[in-house]
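*Asks:* Predicted model follows, preceded by the sequence.
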Amino acid sequence: MNKIILVGRLTRDPETKDVNGKTVANFTVAVDRRFKNKDGQKETDFVPVVVWGKSAEFCGSYLNKGDQISLAGRLQVRNYDDRDGNKRYITEVVADEVNSLGSKKDKDSPIPDQLGGGVDKDFHLMSSGDDVPF
């Protein structure tokens, strides 16, 4: 099974282009590791991501550097020969699903989800002390 799920922040705006009639988006996600290193510092992995089709259009239209996202997809390793004849390897995540979890820039407006609906940024999870509305 080849399944990747990540939550992190975009390190740059997604770059979109048309390839043979399909939209493709490329970006990098900064994902914090769960544990601190021996110096007590959190480490971050910078993961290259490729998205195709409608999800790529969503990324190009609604996501910006610094936005927090979740994504699901698969790990892909490909290779090519560079100009000097050396074999180069590229490891990236090909995302099938990308969702916005919020923006650092604008805290007051709704964020569209991947399917074009809206997610209210003021939504919060209820704590155990809150009254349940049903």
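*Replies:* Great, that's in hand. Numbers count the residues shown, from 1 in each chain.
*Asks:* in this structure, which helix or strand is least confident?
*Replies:* When the helices and strands of the chain are scored by mean pLDDT, DSSP states H and E, strand 118-119 comes last with a mean of 40.
*Asks:* what does stretch 49-63 contact?
*Replies:* 10, 13-14, 16, 22-29, 69, 71, 73, 76, 92-98, 100, 111-112, 114 (C-beta atoms under 8 Å, 6 or more residues apart in numbering). In this view, the C-beta of every residue, glycine as well, is placed from N, C-alpha and C.
*Asks:* and what of stretch 22-41?
*Replies:* 6-18, 42-57, 59-60, 63, 69, 71.
*Asks:* mind running it again at 6 Å?
*Replies:* 6, 8-11, 14-16, 42-52, 56-57, 59-60 (C-beta atoms under 6 Å, 6 or more residues apart in numbering).
*Asks:* How about stretch 78-98?
*Replies:* Residues contacting stretch 78-98 (C-beta under 6 Å, 6+ apart): 4, 47-51, 55, 59, 69, 71-74, 76-77.
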